[in-house]
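Q: below is the structure, and that's it, no one-letter string:
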């Protein structure tokens, strides 16, 4: 291990109490947040001075802010001093040592998810590390991509290898003080992905990152920055899972997208963080800020998300339509089952002329789940000829769940065309019985009806993701039928 | 084949079937007629196993199996088919997908190999032709935006594909014009076979001009009050239902001990 690790070892006072040799190799810093924590993280990552300064600025900003309370979600107050802000991959120090010792429900879950065997084997070792995973993926393709001038690497690496790009774009879409969680992320983010597609380059393959939260009591704060320069295009996929734990864990990520003239970014997410158990114990608090900036004319940014996980989701992937004739899209399926709460939607900010945006939101509520669509369509005074089409559909399964829709439309130019359609339907006993009378099981019937409901969004996903998303919905709905 | 004995059933605490007896042999087509509210549709739903219909007593033997003990999907896989009076719409799910899922669920149960997309399409297209459905209906959502006649044809199509042992047609004639009625009846007649029984529930005699039953029963007040051959249907057409209900109430039938009046017989 590196010198930094050794320094860490002396810093950690609880390091030796368990007595495992491997514990010494652990890179977990103690709980709590202060300027010292941030200096420690930055030092651990060997960052240049500008990065530390930026983090500290964000932290000072964060101290003046309060947690947002406007979302339609309920949870106990988070103690930000009770979180571990940095934890690097551990080896087999705690938890199950073999597959046999892993909670069978967990095993089954992964089997059902179709995560390959080696993935499961790594899980058994508990030291599964998404960051490690994503870095290695990036390394695999780096050379090939490099031939096109494409940069695809971990954020930490980008800070060291491409500081000029990071300095130019970091925080240019989501400023440090944008909101409470974005400020927190800016102060303590540990890793994430960095993508730069140079002028005129169409990225020859899908870029993808698989995030996993693993360590206990740890918050995950990753930061992703994607820049598509003039005429460039890229499709980026993101997958997320987390082991089951009884404690809630905080995931506060920031994603920034920059699309220059004629550039196109397609960003797809299949989010399956641990949602907590049936009674709402445990699960991830997914408080994420995602925003794209259509900076150049004729640029285009599409968000597609399938949100099946997390105890609480608070997330509004947005597009700022700055360039003339730019296009923003948001396609979303959000499922809340058991005690899950999702408050999600998008913002489309029309600034340029003839800008267009499409919002297609499908919310599914089951069990005691609560699903909220919250959207903003803003046509600014300069946005001549702007158009928006919004469709918001809610599907209810059972009678204990809830669906809410809070669309906001602000039009400041008379030439704007804004359409909004919304429907709420329930999977009826009659639909279920009809399908069962034809020989389908109740579970199959529900999953078929749900897939039908989500079809328009699924077809926006890259093929393999569409299949995964569909399977995921099937899994997530299990047990939702009384 | 099917033997229903002293069946009692209720919906929302309201008694509907009050001691229904009916025996249908293999290969037979039985028509069940009766006034609105007599329990015709309840009988269909109870046979198919809908949860909201509560069985309060009696037994249904089906080829030696206790029908009432099987969950709805098991009954379907074993070969019970209900043609719905009001076929249900399922938005976003294509008819082709739905039909294939149903056919393969039944085939799996019968330990037959599942049909792949090619074999399935071949079969379904042939059957669609027979019931006069255009191919585009395969790619539309299940029953969504279908006219009344199209929905009923879709039911007959499903029946043909699922090859049931017992088919229950619940007012399949309701809301059909004469051409549609004829097509639906042709579809049903094609499916008549020595190892398939059918129960045709109808309010009007006119369907029975096209589907000639082996037996006709009159359901009133939740019981079969009169049975006869196909000629009974004509008589009912001419004289209405009241006389039978009255006759049943007047006695002669030992079961009339139930003090309850003949239900909504004259509604």
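A: In hand now; what should we look at? Fair warning: this is a prediction, and the values are worked out from it, not measured in the lab. Residues are numbered from 1 along each chain as shown, chains lettered A, B, ... in the order given.

Q: quick check, residue A:313 in contact with residue A:307.
A: Yes - at 5.5 Å, residue A:313 and residue A:307 qualify as touching, with contact defined as CB atoms under 8 Å. Placement of C-beta: from N, CA and C, glycine included.

Q: need the pLDDT of the closest residue to residue A:458 other than its chain neighbours.
A: Computed as CB to CB, 6 or more residues apart in numbering or on different chains, the closest residue to residue A:458 that is not its neighbour in sequence is residue A:466, at 4.8 Å. Residue A:466 is assigned a predicted lDDT (pLDDT) of 73.

Q: so what pLDDT did the residue of the stretch 1-150 of chain B found nearest chain A get?
A: Nearest to chain A, among the residues of the stretch 1-150 of chain B, is residue B:92, at 2.8 Å (CB to the nearest CB). We have a pLDDT of 83 for residue B:92.

Q: pretty sure the residue nearest to residue A:458 is in a helix, no?
A: Yes - assessed by DSSP: H, G, I helix; E, B strand; the rest coil, residue A:466 belongs to a helix.

Q: could you check how far it is from chain B?
A: 14 Å (CB to the nearest CB, to the nearest Å).

Q: before we move on, what about residue A:429?
A: Distance from residue A:429 to chain B, by CB to the nearest CB: 7 Å.

Q: one more: residue A:322?
A: Residue A:322 is 35 Å from chain B, by CB to the nearest CB.

Q: do the same with residue A:262
A: 34 Å.

Q: am I right that that residue sits in a strand?
A: No - under three-state DSSP, residue A:262 sits outside any strand and is assigned coil.

Q: low-scoring stretches of the chain, by residue?
A: In the absence of a named chain, this looks at chain A. With pLDDT under 70 as the threshold, chain A has low-confidence stretches at A:1-27, A:88-142, A:210-217, A:240-246, A:463-465, A:468, A:472-482.

Q: switch to chain B, please.
A: Ranges of chain B meeting pLDDT under 70: B:245, B:248-267.

Q: and stretch A:65-82, how far apart are its ends?
A: Stretch A:65-82 has an end-to-end distance of 18 Å (criterion: CA to CA, to the nearest Å).

Q: I figured residue A:421 hits residue A:391, correct?
A: Yes - using CB under 8 Å, residue A:421 is in contact with residue A:391, at 4.8 Å.

Q: neighbour-wise, which of the two wins?
A: residue A:391 (15 against 10; other CB atoms under 10 Å in any protein chain shown).

Q: quick check: the more buried one is in a strand.
A: Yes - the assignment for residue A:391 (three-state DSSP) places it in a strand.

Q: for it, list each beta-bridge partner.
A: residue A:360, residue A:421 (DSSP bridges).

Q: so what's it up against?
A: Counting by CB atoms under 8 Å, 6 or more residues apart in numbering or on different chains, residue A:391 touches A:359, A:360, A:361, A:420, A:421, A:422.

Q: for it, give its distance to residue A:383.
A: 21 Å (CB to CB, to the nearest Å).

Q: swap in residue A:159?
A: 35 Å.

Q: how about residue A:310, nearest residue that isn't a chain neighbour?
A: Closest to residue A:310 by CB to CB, 6+ apart is residue A:286, at 3.8 Å.

Q: find the closest residue to chain B in chain A.
A: Counting by CB to the nearest CB, chain A gets nearest chain B through residue A:452, at 2.8 Å.

Q: which residue, other than its chain neighbours, is closest to that residue?
A: Residue A:452 sits nearest to residue B:92 (CB to CB, 6+ apart), 2.8 Å away.

Q: same thing with residue A:235?
A: Nearest one to residue A:235, counting by CB to CB, 6+ apart, is residue A:266 at 4.3 Å.

Q: for the one you found, grab the count of nearby residues.
A: With other CB under 10 Å as criterion, residue A:266 counts 21.

Q: now it: which helix or strand?
A: Using DSSP states H and E, residue A:266 sits in strand A:264-272.

Q: other SSEs contacting that strand?
A: With contacts defined as 3 or more CB pairs under 8 Å, 6 or more residues apart in numbering or on different chains; DSSP states H and E, strand A:264-272 has these neighbours: strand A:223-228, strand A:233-241, strand A:254-259, strand A:283-294, strand A:300-307, helix A:463-477.

Q: same for the first one, what does it pack against?
A: Yep, that's strand A:223-228 we're talking about. Looks like strand A:223-228 contacts helix A:155-161, helix A:163-169, strand A:193-197, strand A:233-241, strand A:254-259, strand A:264-272 (3+ CB pairs under 8 Å, 6+ apart).

Q: cutoff 7 Å now
A: strand A:193-197, strand A:233-241, strand A:254-259, strand A:264-272 (3 or more CB pairs under 7 Å, 6 or more residues apart in numbering or on different chains; DSSP states H and E).

Q: can you list the residues that contact it?
A: A:155, A:169-170, A:185, A:189, A:192-197, A:234, A:236, A:253-260, A:263-265 (CB atoms under 7 Å, 6 or more residues apart in numbering or on different chains).

Q: ok, now the second one?
A: In this structure, residues lying in contact with strand A:233-241 by CB under 7 Å, 6+ apart are A:195, A:197, A:202-203, A:206-212, A:226, A:228, A:263-273, A:309, A:462, A:465.

Q: ok, 6 Å please
A: A:197, A:202-203, A:206-212, A:228, A:264-273, A:465 (CB atoms under 6 Å, 6 or more residues apart in numbering or on different chains).

Q: quick one on the thing from earlier: what's the burial count for the residue nearest to residue A:452?
A: 20.

Q: over to it: give its phi and psi.
A: phi 80, psi -10 (degrees, to the nearest 10).

Q: what's the helix or strand encompassing residue A:187 packed up against?
A: In this structure, residue A:187 sits in helix A:180-188 according to DSSP H and E. Counting contacts by 3 or more CB pairs under 6 Å, 6 or more residues apart in numbering or on different chains; DSSP states H and E, helix A:180-188 packs against helix A:49-63.

Q: show me what the helix it packs on is packed against.
A: Helix A:49-63 packs on helix A:35-44, helix A:180-188, going by 3+ CB pairs under 6 Å, 6+ apart.
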